[in-house]
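In: heads up, no residue letters with this:
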């Protein structure tokens, strides 16, 4: 079997873990658009690092490193302004979203050569995944799993009842910023699979489908991981058979699965 295809399947399985765990918090906390802002702002970091790599011949400086840096900075900035300056959430999201993309466009225009790397990040190319990327995805999954297991109770309280969390002595601001940082890491992880433009589909649709069947967060996480795995593998299979772009096909499978299950559940409710 083609090794690129094998890497794609493994990457899809690893991405399913991140999207199932962090996506559940994103849906429950209702920070989908914050995730979108983080996803689009990473273009600034990728554009900057790609410019530096080409301009100064820094072979080791990969755009993915810039994506991680930009994602963390964007997450912390959004959370910090929202918590301590009491600004409108939608205004902060729009500002970070547009600024990150503007910086990215500027540096992309200054970078010599055809920027195929950024095109893959924008629209997703799972066949572009290397063995090194798989190790990186696996390490990030372990990191996410470790911190979510360690701070599960704090995340749970902050997501559902911030006032109760304050009464219990939980540092809500610190936990919220930390949660956004994990969202940022997961977003970059998923960008390698499905691309910046389509990342919200994989991050939010599996948990939204899971929420139709359970309201318990722990159950939602496990169901979301299963659904994300199904959607990823289904999207890869369909793209292979139809010769469609993998990232877009995965996003389409996510959306169609959500619509079909939503329709069937509503139909069964009224029968």
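Out: All right, it came through fine. What you see is a predicted model; the values in this text were computed from it and never measured.
In: Any figure for the gap between the residue lying closest to residue 89 once chain neighbours are set aside and residue 30?
Out: Spatially, and ignoring its direct neighbours in sequence, residue 89 is nearest to residue 82 (5.7 Å; Cβ to Cβ, 6 or more residues apart in numbering). (C-beta placed from N, C-alpha, C; glycine too.) Between residue 82 and residue 30 the distance is 13 Å, computed by Cβ to Cβ, to the nearest Å.
In: and what of residue 246?
Out: From residue 246 to residue 30 the distance is 29 Å (Cβ to Cβ).
In: re the thing from before, looking at residue 82 and residue 30, which is more packed in?
Out: Using other Cβ atoms under 10 Å as the criterion, residue 82 and residue 30 rank with residue 82 on top: 21 against 10.
In: Quick check, the more buried one in contact with residue 90.
Out: No. In this structure residue 82 lies outside contact range of residue 90 using Cβ atoms under 8 Å: 10.4 Å.
In: Flag the shaky bits of the stretch 101-250 of the chain, pLDDT-wise.
Out: 113-118 (pLDDT under 70).
In: Please enumerate the helices of it.
Out: Under the criterion DSSP state H, counting those that start in this stretch, helices of the stretch 101-250 of the chain are mapped to 116-123, 131-150, 152-160, 162-167, 172-194, 199-210, 217-242, 246-269.
In: Need the winner for burial among those.
Out: Sort these by mean neighbour count, taking mean count of other Cβ atoms under 10 Å, and helix 199-210 sits at the top with a mean of 26.
In: That one - contacts with which helices or strands?
Out: When contacts are defined as 3 or more Cβ pairs under 8 Å, 6 or more residues apart in numbering; DSSP states H and E, helix 199-210 packs onto helix 3-29, helix 32-55, helix 172-194, helix 217-242, helix 246-269.
In: Can you get me a residue count around residue 31?
Out: Neighbours around residue 31, by other Cβ under 10 Å: 25.
In: which residues does it contact?
Out: 180, 183 (Cβ atoms under 8 Å, 6 or more residues apart in numbering).
In: quick one: pLDDT of it?
Out: On the pLDDT scale, residue 31 is placed at 90.
In: and if you look at the one 10 residues further on?
Out: Looking at residue 41, its pLDDT stands at 91.
In: my guess is it meets residue 97, correct?
Out: Yes. The pair residue 41 / residue 97 is scored as a contact, 6.1 Å apart, by Cβ under 8 Å.
In: Which of these two has more residues huddled nearby?
Out: For residue 41 versus residue 97, neighbours defined as other Cβ under 10 Å are more numerous around residue 41 (31 against 21).
In: And the closest residue to the more buried one other than its chain neighbours, how far from residue 111?
Out: Once flanking residues are discounted, residue 41 sits nearest to residue 100: 2.6 Å by Cβ to Cβ, 6+ apart. Using Cβ to Cβ, residue 100 is found at 16 Å from residue 111.
In: And residue 60, by the same measure?
Out: Counting by Cβ to Cβ - residue 60 and residue 111 are separated by 17 Å.
In: Compare those two (neighbour count), which wins?
Out: Neighbour count, other Cβ under 10 Å: between residue 60 and residue 111, residue 111 has more, with 19 against 6.
In: residues contacting the more buried one?
Out: With Cβ under 8 Å, 6+ apart, residue 111 has these contacts: 47, 50-51, 54-55.
In: out of those, who has the most neighbours?
Out: Result: residue 47 is most packed of the contacts of residue 111 (other Cβ under 10 Å), 29 neighbours.
In: wouldn't that one be in contact with residue 100 here?
Out: No. Under the criterion of Cβ under 8 Å, residue 47 makes no contact with residue 100, lying 9.3 Å away.
In: What strand or helix carries the residue nearest to residue 41?
Out: helix 89-110 (DSSP states H and E).
In: Helix 32-55 and that helix, what's the angle between them?
Out: Here the directions of helix 89-110 and helix 32-55 differ by 20 degrees (axes from the mean of the first three to the mean of the last three Cα atoms, to 10 degrees).
In: Which residues belonging to helix 89-110 are considered buried?
Out: 92-93, 95-97, 99-101, 103-104, 107-108 (16 or more other Cβ atoms under 10 Å).
In: sorry, back to before: and the helices and strands packed on helix 199-210 as JSON lines, adding distance to residue 149?
Out: Converted to JSON lines, those look like this (distance: least, Cβ to Cβ, whole Å):
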{"stretch": "helix 3-29", "distance to residue 149": "10"}
{"stretch": "helix 32-55", "distance to residue 149": "21"}
{"stretch": "helix 172-194", "distance to residue 149": "12"}
{"stretch": "helix 217-242", "distance to residue 149": "11"}
{"stretch": "helix 246-269", "distance to residue 149": "26"}
